[in-house]
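Participant: one predicted model, sequence on top.
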Amino acid sequence: MSTDEDWEGRVAAAWALIDDHDEASFVALIDGLAAELPEGSAVAAFERAAAFDSTGRPDLAEPLYRQALAGALPGERRRRAVIQLASTVRNLGRPQESVELLTAELGRGSDHLDDAVRAVLALALTDAGREREAVSVAVGALARHLPRYQRSMAAYARLLVEPRS
């Protein structure tokens with residue numbers, strides 16, 4: 001079975017009900033769905049990683065995210081895998097690696113997940129002791145969504161990291 005609409009729908013339904021499951025049963029549910037995909041599937045590795053990550057097992061998620069990214073992970077899942085891997089390594093105490101992953105990801109292009117990249121980047125920067133940069137990233141991302149003050153907030157975000165004269 002490929003990642004057809006029926007399979008994608010069942011995965012989406014499982015994720016929508018994550019809070020209705022205990023950790024072990026949710027991981028088992030996602031594992032069962034992932035097992036329907038061909039051996040070595042990058043999508044299966046990603047879904048398993050996300051299930052472990054979402055149930056408090058970043059140590060088990062990390063190698064699966066790396067496996068997914070090493071494979072042919074299609075579409076939006078590739079960017080989600082980078083975001084989630086970066087969050088995982090941050091949670092495992094490696095914020096600088098998280099910063100590097102997310103900074104590289106921002107250079108790859110732009111889409112609707114840009115602010116998710118920046119949100120995790122702000123957290124990683126904070127954990128790396130770079131709080132002014134973290135606030136700059138967060139305020140800069142938020143500025144675009146404000147009903148007013150976008151220009152001034154974007155300027156304030158820049159000033160947080162520009163050298164003072």
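Facilitator: Yep, it's here. Residues are numbered from 1 along each chain as shown.
Participant: now do the domain split for the protein, please.
Facilitator: 5-129, 131-165 (automatic domain parsing).
Participant: just give me the residue closest to the centre of this structure.
Facilitator: Residue closest to the mean C-alpha point of the chain, counted by CA atoms, centre = their mean, is residue 83 at 2.4 Å.
Participant: so it makes contact with residue 104?
Facilitator: No: assessed by CB atoms under 8 Å, residue 83 is found out of contact with residue 104, at 11.9 Å. (C-beta placed from N, C-alpha, C; glycine too.)
Participant: quick one on the thing from earlier: where among the domains of the chain is the average confidence lowest?
Facilitator: Note on the domains of the chain: lowest mean pLDDT is at domain 131-165, with a mean of 93.
Participant: report the buried residues of that domain.
Facilitator: 133-143, 153-154, 157, 160 (16 or more other CB atoms under 10 Å).
Participant: on that earlier part again, okay, the domains of the chain, which one's buried deepest?
Facilitator: Compared across the domains of the chain, domain 5-129 shows the largest average neighbour count, a mean of 17 (mean count of other CB atoms under 10 Å).
Participant: gap between residue 130 and residue 160?
Facilitator: Computed as CB to CB, to the nearest Å, the residue 130 to residue 160 distance reads 11 Å.
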